[in-house]
Every structure is written in structure tokens, then in C-alpha cells.
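*Asks:* show me the folded form of this:
(one chain, ligands or ions: 1)
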Amino acid sequence: MNRQQLIKQIFDKKSFLCVGLDPDIKKIPPHLLHEEDPIFAFNKAIIDATAPYCVAYKPNLAFYECRGVEGLTSFEKTVSYLKAHYPNHFIIADAKRGDIGNTSAMYAKTFFEEYDVDALTVAPYMGEDSVTPFLEYEDKWVVVLALTSNKGSHDFQLTEDKNGEKLFEKVIKTSQSWGTDQNMMYVVGATQGNMFEAIRKVAPHHFLLVPGVGAQGGSLQDVCQYGMTKDCGLLVNSSRGIIYASQGEDFADAAAKSAMNLQQEMEKELERLSSRK
Ligand SMILES: O=C(O)c1cc(=O)[nH]c(=O)n1[C@@H]1O[C@H](COP(=O)(O)O)[C@@H](O)[C@H]1O
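*Replies:* Here you go, the predicted structure:
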């Protein structure tokens, strides 16, 4: 999916919600454990319930890889189900890959050819040649980790050089010579509310993938106030806050409600944006 198509989805659906598909076998409703593939059965029900309210899904590979081949099969079935039934939803594989060039090229082949998802999260620590192999695919996106939502973001990302430039700012500035706002986004945690202004100074047009609302306590209002652009420029992810809204037999309905609540807040933010235009 290209940038124009993504923007159209956002404004048509009045939503920039990304639902995180992070299924944990210990947390999914017990009645699903009798299914042949409980993880896929869970994802399918969550997808069918939340699709009207979101524009993207983000399966995090950790929740599949931890189950070996079986888990990878659940991941593959989830991606195939999305592509067959919800082809207008953007799919982000959250795998945080990145390695020397020829290894990154294999990761790129895995996610952009084998699984054929729209986007992949990539760790920039190894530099240009670890990221550029992912940028060689038309209409595919690299989502570069910039300023993450966790406490450890202070350890490296928020440290400053002698000119006062923070490491995450350097990552954003430098990586802009590798890709464009048509094939690169940045991960910025919703918990970093007050930093969105600084981020928009260095990346005024790029889409930001924003995890951390819901379970991690980030504020959607702050993210929108400081991070929204005229094209919206945001995909806001919630995983546990939606998929475990209930762990009973009503889990899909509860997930739909939780997704709808976020979508309604997003609709208001998009209305505010149009009134500013
Ligand atoms: O790359 C990510 O998506 C990511 C980056 C980040 O800074 N923080 C973060 O929470 N994530 C992911 O976003 C999801 C957040 O999940 P919840 O906290 O359950 O909404 C998980 O899949 C995390 O691995």
C-alpha cells in the first residue's frame, strides 16, 4: 500500500487506529484452547470484530515465534486471512529486524516476498547498510525505531551529543537520506508525549507509528496535539487494551468496543484537523 492509499483509508474510515495482534496463549479465552489453532482462531475473531474501526494491524512476531513452527503457521494464516478478507488494511510485521546488508536482504525477502506484508519495524542501530535492503521494495515500508515507549529509551535514544542533539534526532535526520516519507515511517512511543514537537521539527511529513496508548498509559490527545500533520501522519497502535478488553467468551465484542472508543476519539481529532485546514 502506498502513502496516498493509506491516507485515503484514514480519512475514509475516520480512523488511524492500528490494532496490535499480540496473542498470548496464556491470556486468550479458555474456550478457544479447544480449537485446532487457538492463536489463529483468536486473531480471526479479533480481526472480524475490530476491522470496521481500524486501518492497520500489527502482529508482533515475538508472540508467534515463541511457539515455534506452530506459531509461525498462525502468523502466516493471520496475514493470509487479512489479505483475503480485508485487503485495504495495512499490515505491519513488528519484528524489529536489521543486520549486515546481506542478512537484512534475507529478512526483507521473508517479510516483503514470503509473507508480503506492507511494513516491517527495523532497528537502525547497525546503520545505513542494515536498513537500505528493506527500502528496495515498491510500496513497502520500513518503520524505523526512533524514540521508543519504554523506560530504556533514556539509556541511548535520549542521550545528547556535545551539540545537544539527541541520539533519536540523529537517527531521524540521518535515515532521511536512506528513504523518503513514501517508504519510511518512524516509531515514536505515545508515552513520549512532550517529545512529539521535537520530532515534528526533524520529521515534519513522515508517518509515525505510535505504540503505547492503552496498557502503557500514553495519551492520544497529546500525540495528536503535537504529532498530527495535515495528512494525519499517525498510526496509533493499541494491543492489550483491545485484544484483552475481556478474557471471557465476549472477548470479540469487548475488543470491538475498545477499538470503537479509540476510533471515536480519533474521529474527533480528524475533525479538529479539518477545521484547522
Ligand atoms: O515497535 C513497536 O511496535 C513498539 C515500539 C515501542 O516503542 N513500544 C512498543 O510497545 N512497541 C510494540 O507495540 C505493542 C504495544 O502493545 P500494548 O502495550 O499491549 O498496546 C507491542 O507489540 C510492543 O512490542
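*Asks:* what segments of the stretch 101-250 of the chain are strands?
*Replies:* In the stretch 101-250 of the chain, the segments counted as strands under DSSP state E, counting those that start in this stretch are 119-122, 141-147, 184-188, 208-211, 234-238.
*Asks:* if you look at the fourth one, does any of it touch the ligand?
*Replies:* Yes: in terms of C-beta under 6 Å from any ligand atom, part of strand 208-211 sits within range of the ligand, namely residue 211. C-betas here are computed from N, CA, C, even on glycine.
*Asks:* enumerate the positions of that strand that are buried.
*Replies:* 208, 209, 210, 211 (16 or more other C-beta atoms under 10 Å).
*Asks:* the second one contacts residue 90, correct?
*Replies:* Read that as residue 209. No: applying C-beta atoms under 8 Å, one finds residue 209 not in contact with residue 90, separated by 10.1 Å.
*Asks:* show me the common contact partners of the two, please.
*Replies:* 18, 235 (C-beta atoms under 8 Å, 6 or more residues apart in numbering).
*Asks:* list the contacts of residue 11.
*Replies:* Neighbour list for residue 11: 232, 270 [criterion: C-beta under 8 Å, 6+ apart].
*Asks:* flag the shaky bits of this structure, pLDDT-wise.
*Replies:* Applying pLDDT under 70 to the chain flags residues 277.
*Asks:* ignoring the adjacent residues along the chain, who's closest to the residue in the stretch 51-200 of the chain positioned nearest to the ligand?
*Replies:* Proximity of the stretch 51-200 of the chain to the ligand (C-beta to the nearest ligand atom) peaks at residue 148, 3.0 Å away. Counting by C-beta to C-beta, 6 or more residues apart in numbering, residue 189 is the residue found nearest to residue 148 once chain neighbours are left out, at 5.2 Å.
*Asks:* in the top helix by length along the chain, which residues are buried?
*Replies:* Assignment by DSSP state H gives helix 251-276 as the longest helix of the chain. Residues 251-252, 254-260, 262-263, 265-266, 269-270, 273 are the ones in helix 251-276 that count as buried (16+ other C-beta under 10 Å).
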